[in-house]
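**Student:** sequence and predicted structure, then a few things I'm wondering about:
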Amino acid sequence: MKKTHLLPLALIALGSMGAKGNGCAAEYSPGDGSSAAWPTGPVPTPETTPRPITQEWLDGDNCWKQLVAEAQACAGETRASVGSFDPERAQCSFKGGAELELGGPISTPASGTTLYEATDWRIVDGKGKTCATGKILGVGRSLVDVGGKTALLESPTLTKFRITCPDGKTYGNELPGTSPNYGLSWLAHRTPGVLLSCTKEQCKLDLWGGPVGEVNLATCK
């Protein structure tokens, strides 16, 4: 079942909320159940009183940038080449044996459209070691794990966003003290987020808000 919405905050765990005809679509892939067994670290518990996402936090060496940098480093094999999908488009293989595994098969978009796929994913290197894992925990909630360190991303509305870091600190964009440039930072892909996007030609797994903005972890055809 295909759902369309305006894409908020590059989080792929959101439900449908928008209009058709804009060349974009979001589709939730429930998967075959195998991704439920993928291990991750514990889900961080958000703070009762979160902190604002200040410009200082966005510009500094924040927890999300550290997590993205670690994912970028361990995903060297999938970043070095373009991978090939299996016939079901549920797994993508790279040179050296690395894999991008998905929570279920993903469809091929029509020409001229982009599909924002909401599904679990993980990157495994050529030796079978897991580099990074992303899991959908519910509408507007997703978990990213890198080496046992986990961050919780939450987007309960189109404009509200919160991240809980591995150390348990929670930051939100709707609080007093939030950077007045937050919207521009989002447009520049410099705020935390995960995006699995597909055109007819290829699919890309990107993390937003890394040390240099957007970081590509894998590209598959």
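**Tutor:** Yep, it's here.

**Student:** state the mean pLDDT of the longest helix anywhere in the chain.
**Tutor:** Criterion DSSP state H: the longest helix present in the chain is helix 63-74. What helix 63-74 shows for mean pLDDT is 97.

**Student:** make 772 the starting number, not 1.
**Tutor:** Understood, numbering begins at 772; the last thing we discussed is helix 834-845.

**Student:** tell me how far the residue positioned nearest the centre of the chain lies from Ala842.
**Tutor:** Geometric centre of the chain, nearest residue: Val965, 2.0 Å, by CA atoms, centre = their mean. Distance of Val965 to Ala842, given as CB to CB, to the nearest Å: 10 Å. To be clear about C-beta, it is placed using only N, CA and C from the backbone, and glycine gets the same treatment.

**Student:** give me the common contacts of these two.
**Tutor:** Residues touching both Val965 and Ala842 by CB atoms under 8 Å, 6 or more residues apart in numbering: Val915, Leu978.

**Student:** so where's the chain uncertain?
**Tutor:** 772-804 (pLDDT under 70).

**Student:** try it again with 90
**Tutor:** Applying pLDDT under 90 to the chain flags the ranges 772-808, 878-879, 888-889, 909-910, 927-929.

**Student:** send over stretch 892-906 as PDB, restricted to the C-alpha atoms.
**Tutor:** These are the backbone C-alpha positions of stretch 892-906, laid out as PDB (Å, rounded to 0.1, in the frame of the first residue of the first chain):
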ATOM      1  CA  TRP A 892      18.000  -1.500   7.400                       C
ATOM      2  CA  ARG A 893      21.500  -2.500   8.400                       C
ATOM      3  CA  ILE A 894      25.000  -2.500   6.900                       C
ATOM      4  CA  VAL A 895      27.200  -5.600   7.300                       C
ATOM      5  CA  ASP A 896      30.800  -5.700   6.200                       C
ATOM      6  CA  GLY A 897      32.500  -8.500   4.100                       C
ATOM      7  CA  LYS A 898      33.400 -10.400   7.300                       C
ATOM      8  CA  GLY A 899      29.800 -10.500   8.500                       C
ATOM      9  CA  LYS A 900      30.200  -7.700  11.200                       C
ATOM     10  CA  THR A 901      27.300  -5.300  11.500                       C
ATOM     11  CA  CYS A 902      28.400  -1.700  11.100                       C
ATOM     12  CA  ALA A 903      25.100   0.300  11.500                       C
ATOM     13  CA  THR A 904      21.500  -0.600  12.000                       C
ATOM     14  CA  GLY A 905      18.300   1.500  11.700                       C
ATOM     15  CA  LYS A 906      15.000   0.400  13.100                       C
END
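
**Student:** ok, residues contacting it?
**Tutor:** Stretch 892-906 has contacts (CB under 8 Å, 6+ apart) with 783, 806, 809-811, 842, 845-846, 848-849, 867-874, 891, 913-918, 965, 967, 976, 988-989.
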